[in-house]
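# curious how this folds, go ahead:
(2 chains)
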Amino acid sequence: MTGASVEACASEPIRIPGAIQPFGALMVLDPQTLACLQRSRNFQDVTRADPANGLDACPEFRDLLPEIRRWRDDSAALLITRTRIQGAPFHVSGHRSSQGLILEFEPLATDAPDFNLDGFYPRLRGFLEKVRSAPDLTAIAQAAVTDIRAITGFNRVLLYNFDEDSHGTVLAEDNDGVLPSYQGLRFPGSDIPAQARDLYRLNRIRLISDAAYTPCPIEPPMSPIDGRPLDLSFVALRSVSPIHLEYMRNMGTAASMSVSIVVDGQLWGLISSHSRDPWRVAPQTRDACESLGQILSLQIEAYLRAERSSARLALKEVESQLLAALAASESDFEDALLDASDLLLALTNAQGAAIVSHDVVRLAGATPPEAAILQLAADLFSDRKEIFATDSMASVWPDAASFADHASGVLAISVSQIRPDYIFWFRPEVVRTVNWSGDPTKPMSAESDRLHPRNSFELWKELVRLRSLPWSDAERESALGFHSSIQAMILRGAEERAQLTDRLERANKELEAFSYSISHDLRAPFRHIVGFAELLSDREKKRLDEKSQHYLRTISDAAHAAGRLVDDLLTFSQLGRASLRVKPIDMNTLVASVLRLLEPDTKGRHIKWRIASLPSASGDVAMIAQVWQNLLQNAIKFTAKRDDAEISIDAREERDMIAFTVADNGVGFEMAYSDKLFGVFQRLHSTEEFAGTGIGLALVKRIILRHGGTITGHSEPGAGASFTFTLPKRPLARDSGAPNG
Amino acid sequence: MADLRPILLVEDNPRDLELTLAALAKCQLANEIVVARDGAEALDYLYRRGAYGERPPGDPAVVLLDLKLPKVDGLQVLEKIKTDSEQRQIPVVMLTSSREERDLLRSYELGVNAFVVKPVDFNAFFEAIQDLGMFWAILNEPPPGGRSNA
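Have a look, this model is predicted:
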């Protein structure tokens, strides 16, 4: 069916057909005067009364009129009563509308069964017992169709349930064999247009007693109250669409009655009764069927709720186990989830799961390939989807057909607001056969300017592929519940991190204040000791003996050394805090200036320097100068005992980095202790042998790490040492060693 | 060279004061050395108020200013001098125990003329004081048209 013809069908004015079915008569009264405003053309034929001159003027309404008055002045929505007109029994029902009081008259057969509430009660009670003991929905449905057929005498009674796509599946059937069985068949959603569904929700029963009837017009067609066509939404005699009558004839039925099953405000299903030949159902029987339909609706609602909450409860149990496992785990959230993959899968009854975090995919069970999962996550993220579920990925992503046997259905929840991080659950394809009642792809034909309903109800088998079992409400709710639980966990984690950052910042500030006061207050006493020792020595030089002078020198030297130690420590601690001013550095110039600075150390030494031409690198020039100074100072110091000292400076490029090497042929160190080289206060030589505070290399390492580089030392005792550090060619994006980095 | 203006030394630590005075004495400078023991006293001297209300007018040749001082600290004194158009031309040398980068940066921002981290080594300290004393006290002429002793 084309889009246009569906629309044409959906726009049929079914509430205002302007006519009724002729098995009764209709009259509209002015609510104030009770004057007759409108009536069906057959009114006089059916009732043998003519209300044209007012109801008071009709002796036929003598009994009825006081009842109508009472009802009008009363608050009851409906009038349901019986009356006799010229000896013939009539069922009279009335309802209020903005267009007046609408009264329907239906002649009663004299032998009609009396289904008033008292008469109906034993049957209703029997029905309730059957429904209560029914083990499942199909059994409930079966009880309903059996009862309805017993009450009404139709040839066939079906109970359909509508799915998400509005297709109706026959759950139960009671059939006397006159009409073909539709048990288990599926009817396409297009069989019942949208506006009919709306009406079925409001008015829960309708009857067509003879599909071949001639509609009986309402006169005048427009309501004198509002000038619009009379709204027949709640009129039992309402004339139906000619398309529907054609549909019935194509189906081979002459009479039909349907009772709506409304669950949670939605049209959940229909009890559809058919008869091969025209079939009258007495109004009181219809009332009984409507009551039964309402009871059935409530029963189904209760059943579905119980089923859903027990499923939800079972999944909630899984969720709490999973959350407990996550809370107890010391691994990362993602790894912890994977460790508990059995629970993760059970949470939505899935056969596969994937956790996507920071572009890393972790898999459990049967899943699509990683690349497809990453693509899925990216697609969902670009649509800002927090939760997504489908039982047919291939209908959303055609490429998904290639892995349908592993994963046809997917349920996804987002775990990050800012990244395409998701948890996925997958279900494999389940190939099913659906028995359609007729080819659902050809529900209608639009021939010669008029719509025709489908005329074939032949069994039409469809093989459904690329679909998994659908995700139930409980499973979706379970995923959603888990979603909010982990959101809370992630939030809590973020809060804890923020607190940690706070504490770190505080500690950092304290440390800063501490080192600031050390730099002032700890240095001063050493300075004073040295200063006054010098002053004393100057003043008393002549009077002091050799020994005393030696003591004074020792005091001065010791304080001196302690002062240097404080200085070095401070430099070391400041390095962690001082901001880097990274610029390209001309290494040849820098090394030359550092060597000039070291001239006092090399005075009187014979050192053979071999300095290669050095490429530029980027860094904080003052800090890198410190690196060169410390490394070269070490090389000079540790070659002091050699006459043929040799120190070389070299460089080579390594991708984005440049590696600089300082090598000497000094005393070297044992590689076994190389891990101690770069520690604070770690010395591999005695102070006797070589002076130093034991901080130099720790400082160098700290500087290099802050520049995003590395440093290694290599040596053999007696065979010299070499130190290689790397620096980026171009400035890095961030300061890798900042305290809060 | 007829007129030798005094050197204002602002130092609260008695040991540092003694050492600095000893170093200055070694330089054999003829300048008078005025000692202030905190920032407030230094400002009183510069603005000729309080205990220094009666001193003859004239700016010191140089202010040797310790960074950490009671009451008004060294950086505040420096700021006061360098933001006052009447005082701005007085050379200020910051003396400090600290190697803190932020103190150095702040001092230069405020317009310090020199910044000396007091070395542990007394001889080095002596040399530094000597260099500074010689340069600022003797060689440094007041700016032409400067108001002092005009």
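# what's the closest non-adjacent residue to the residue of chain B at minimum distance from chain A?
Of all residues in chain B, the one sitting closest to chain A is residue B:120 (3.1 Å; Cβ to the nearest Cβ). Every C-beta, even on glycine, is put in place using the N, C-alpha and C of the backbone. Of all residues beyond its chain neighbours, the one nearest residue B:120 is residue A:563 (3.1 Å), with distances taken as Cβ to Cβ, 6 or more residues apart in numbering or on different chains.
# show me what contacts the one you found?
Neighbour list for residue A:563: A:523, A:526, A:527, A:530, B:120, B:121 [criterion: Cβ atoms under 8 Å, 6 or more residues apart in numbering or on different chains].
# dump the residues you listed into CSV; add pLDDT, neighbour count and distance to residue A:498 as well.
Below are the contacts of residue A:563 laid out as CSV (pLDDT from 0 to 100; neighbours: other Cβ atoms under 10 Å in any protein chain shown; distance: Cβ to Cβ, whole Å):
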residue, pLDDT, neighbour count, distance to residue A:498
A:523, 77, 23, 37
A:526, 84, 21, 42
A:527, 83, 24, 43
A:530, 85, 26, 48
B:120, 72, 27, 43
B:121, 75, 20, 47
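# which two of these have the greatest separation?
Largest separation among these by Cβ to Cβ: A:523 and B:121, giving 11.7 Å.
# okay, now residue 88: neighbour count?
Answering for chain A, as no chain was given. If you count neighbours by other Cβ atoms under 10 Å in any protein chain shown, residue A:88 ends up with 13.
# oops, wrong one, chain B.
Neighbour count of residue B:88, defined by other Cβ under 10 Å: 11.
# state the distance from residue A:126 to residue A:132.
11 Å (Cβ to Cβ, to the nearest Å).
# can you check residue A:46 too?
42 Å.
# which of the two has more neighbours?
Using other Cβ under 10 Å, the more surrounded residue of residue A:46 and residue A:132 is residue A:46, with 20 against 10.
# backbone dihedrals for that one, please?
Taking degrees, to the nearest 10, you get phi -80, psi -50 for the backbone angles of residue A:46.
# and if you look at residue A:223?
According to degrees, to the nearest 10, residue A:223 has phi -70, psi 130.
# what's near enough to touch it?
Contacts of residue A:223 (Cβ under 8 Å, 6+ apart): A:28, A:37, A:38, A:99, A:100, A:229, A:230.
# how about residue A:649, secondary structure?
strand (DSSP: H, G, I helix; E, B strand; the rest coil).
# same check, this time on the one 10 residues further on
Classification of residue A:659 into helix, strand or coil gives strand, according to three-state DSSP.
# beta-bridge partners for it, please?
Beta-bridge partners for residue A:659, by DSSP bridges, are residue A:652, residue A:726.
# need the residues of the stretch 401-550 of chain A near chain B, please.
When proximity is defined as Cβ under 8 Å from any Cβ of the partner chain, the stretch 401-550 of chain A approaches chain B at A:516, A:519-521, A:523-524, A:526-528, A:530-535.
# how far out from the middle of the chain is the one helix or strand residue A:723 maps to?
Using DSSP states H and E, residue A:723 maps to strand A:721-728. Offset of strand A:721-728 from its chain centre (Cα atoms, centre = their mean, to the nearest Å): 50 Å.
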